Each structure stands twice: as structure tokens, then as C-alpha cells.
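*Asks:* For reference, the sequence and a predicted model appear below.
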Amino acid sequence: MDDPLVYLNGVMTPISEARIPVLDRGFIFGDGVYEVIPIYHRKMFRPQQHMARLFRSLESIGIPNPHTHDEWMALIGKVVAAHPAQDQMVYLQVTRGVAKRGHAFPKDVIPTVFIMTNPIVLPTAEVRARGVACVSMEDKRWLRCEIKSISLLGNVLAAEHAAQNNATEAIQFRDGFLTEASSSNVWIVKNGVLAGPPKDNLILEGIRYGLMEELCKAGGIPLEQRRISRDEVFGSDEVLLTSATKEVLPVVTLDGKPIGNGKPGPIYQALYEAYQAAKEAA
Ligand code: PDD
């Protein structure tokens, strides 16, 4: 499907025809928030959690929520129904709206709402079996990483750094401590214990962050949320990435150095299987 129908400000339109004014604050300032929601068998995975995060993001930057929960669900449902793929990835964006350029919030603007979907592209079985390479870098982003903001220049530069080095992700450190990757959360495993950085302003709390908490609890895997040093990451038995499109993915090298024995490990395997079971059960 080359020209899927998208939703833009009340209208379903082919994406090739969707237009926004150049004064949209999303275009001018990156002034907006977004969500990426996986769809399996035409059903949203973890819809309540994605909506809650969207509402939090909007509130944290003072954009009035243009829709109720039920309206959002109906709009997303419409876009999903218009696409032939069973498994999709919905991208949803809200910007502050269109106004004469000026940094502070304009008065009486109407938020711009855009929803599109594409077939979800998941890591192949070969990639999962082999594991992926990552590179490390200093986290140079702003200090409000908990907001799912469309202002993603720092993340874009990190992702490009990874791409330039034939790596899947750039794993970032701030002042010597693990934060997250350019578009995924990062976990380490040592002696059977999973650890992730604290849910603070230095990372985006992935919907899969919460899912890992649930899966660990159900599966009897001990989980720690704490600051994790660079040395600990390099010395860990396993490193994992989680995101809507990676699900759970094993990292086997960091800056060319093997993690653990350089192969996907048992905690990865257990969490991947639990993730697949959660998808089926949803
Ligand atoms: N990215 N951290 C960052 C910086 C992210 O961009 C993402 C997701 C995550 C994981 O969040 P979740 O589990 O809700 O996918 C963590 C999405 C997929 C993206 O920008 O395309």
C-alpha cells in the first residue's frame, strides 16, 4: 500500500495529499508530542498505557488534549481499519497548532492532530538469533527526556552515529551513567538480575519499561531500578533493548567488545518468549 489513508485534523486523506501550513509549530519549533503504538492482529497492544503517556506528554507541555480517550481510540481504530496489514505501527502526533512565529505559547490555537500507520517491521529471526551491535556515546540531549517530544534532534544525531558505525543503536551515558538508546530503553543483566535506569527525567519511560516490570514479576526475574555505571554495562552478562518496534532485542557487542559470551542470553530468551505470550494474550 503506497498511499495509505491518514488522519489529519478531522479528515481521512491519502498521505500523498496530507498538508499542514508552514507555520505549524511542529514544523517551526518541534513543538509537539507523539506516540508509536504497535498493532497486532488489528488490535492495539497496551492502548491504555500509550494513551496515559500521550495525555501526560500533552499536559507536561501545556497542549490542551484535543480528544477524549474514547475519541482517540476511535480515530486510531479508523486509521488501522483503513490499512490492509494485520500487524501495524501507528504513529500519532499532536502539535501546538498554527500561529505567527513567536517562541512563547500563542493564544487560542487549535492543536494539529495527525495519525498514520504502516506495517510493523520487527527484527527478523536471524537478527534475534545473532543479537545486535551497539555503540556508546555521551548523552547530549536536554533534561526533559521523559516527555515524548517530537523535538528529536539529539536522538536523530545519536541514531546517525549508530548508523555510521554499522550499529543498531547508540547507547547513551550521562556523567558516566546509563540513560537510554536513541529510540529504545536499555537494560543489563548480571547474575540473573535485570537492571534498568531509574524512571526519571533522563529517560523516556517506554511502554515496554512497564511491561518488563510485569514480565519480570510474573516470571520470577529479580528487577532493579537504579543508576548503572558504564563499567557495569561493559561487564554485564547481557544487555537488552526494548521498544515498540524492537520488542526485546539482545545486544551482543558494545563498541566492538563482546557483552558476556557474545551471544543472546537466557534472560533475553525468557523475556522475549514472555513478550510474545503477552501479545497473544492481549
Ligand atoms: N521510540 N526511549 C526512547 C528515546 C524512545 O524513542 C523509545 C521509543 C523508547 C521505548 O519506548 P516504547 O517502549 O514505548 O516504544 C525509549 C519509538 C519506537 C520511536 O520513536 O519510534
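*Replies:* Thanks, I have it.
*Asks:* And the helices in this protein?
*Replies:* 25-29, 47-60, 69-81, 125-130, 153-164, 207-219, 230-234, 266-281 (DSSP state H).
*Asks:* which stretch among those helices comes nearest Thr242?
*Replies:* Relative to Thr242, the nearest member of the helices of the chain by C-beta to C-beta is helix 207-219, separated by 3.9 Å. Placement of C-beta: from N, CA and C, glycine included.
*Asks:* what angle sits between that closest one and helix 266-281?
*Replies:* 100 degrees (axes from the mean of the first three to the mean of the last three C-alpha atoms, to 10 degrees).
*Asks:* buried stuff in helix 207-219?
*Replies:* The neighbour-count check on helix 207-219 (16 or more other C-beta atoms under 10 Å) flags 207-209, 211-212, 215-216 as buried.
*Asks:* hang on, the earlier thing: Serialize the helices of the chain to TSV and add fields for distance to the ligand and mean pLDDT.
*Replies:* Below are the helices of the chain laid out as TSV (distance: least, C-beta to the nearest ligand atom, whole Å; pLDDT from 0 to 100):
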stretch	distance to the ligand	mean pLDDT
helix 25-29	15	98
helix 47-60	7	98
helix 69-81	15	98
helix 125-130	16	98
helix 153-164	6	98
helix 207-219	3	98
helix 230-234	16	98
helix 266-281	11	98
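*Asks:* For Met116, find the nearest of those.
*Replies:* helix 69-81 (6.8 Å).
*Asks:* Residues in contact with the closest one: which ones?
*Replies:* Residues from elsewhere that reach helix 69-81 (C-beta atoms under 8 Å, 6 or more residues apart in numbering): 5-7, 12, 37, 39, 42, 44, 47, 51, 54, 67, 88, 90, 92, 113, 115-117.
*Asks:* how about a cut-off of 6 Å?
*Replies:* By C-beta atoms under 6 Å, 6 or more residues apart in numbering, the residues outside helix 69-81 that reach it are 7, 39, 51, 90, 115, 117.
*Asks:* Trp72 versus the residue lying closest to the fifth one once chain neighbours are set aside, what's the distance?
*Replies:* The shortest distance from Ile115 to any residue that is not its chain neighbour, by C-beta to C-beta, 6 or more residues apart in numbering, is 4.2 Å, and that residue is Tyr7. When C-beta to C-beta, to the nearest Å is the yardstick, Tyr7 and Trp72 sit 11 Å from each other.
*Asks:* Then Leu215?
*Replies:* Using C-beta to C-beta, Leu215 is found at 26 Å from Trp72.
*Asks:* Now the stretch 151-282 of the chain against the ligand: closest residue?
*Replies:* Nearest residue of the stretch 151-282 of the chain to the ligand, counting by C-beta to the nearest ligand atom: Gly206, 2.7 Å away.
*Asks:* That residue: neighbour count?
*Replies:* The number of residues packed around Gly206, counting by other C-beta atoms under 10 Å, is 24.
*Asks:* Settle this for me: Gly26 is touching Val94, isn't it.
*Replies:* No. Counting by C-beta atoms under 6 Å, Val94 is not a contact partner of Gly26; they are 8.6 Å apart.
*Asks:* Which positions in the stretch 1-150 of the chain make contact with the ligand?
*Replies:* Listed as neighbours of the ligand in the stretch 1-150 of the chain under the rule C-beta under 6 Å from any ligand atom: Val36.
*Asks:* Low-confidence stretches in the stretch 1-150 of the chain?
*Replies:* 1 (pLDDT under 70).
*Asks:* Please consider this matter closed, and thank you.
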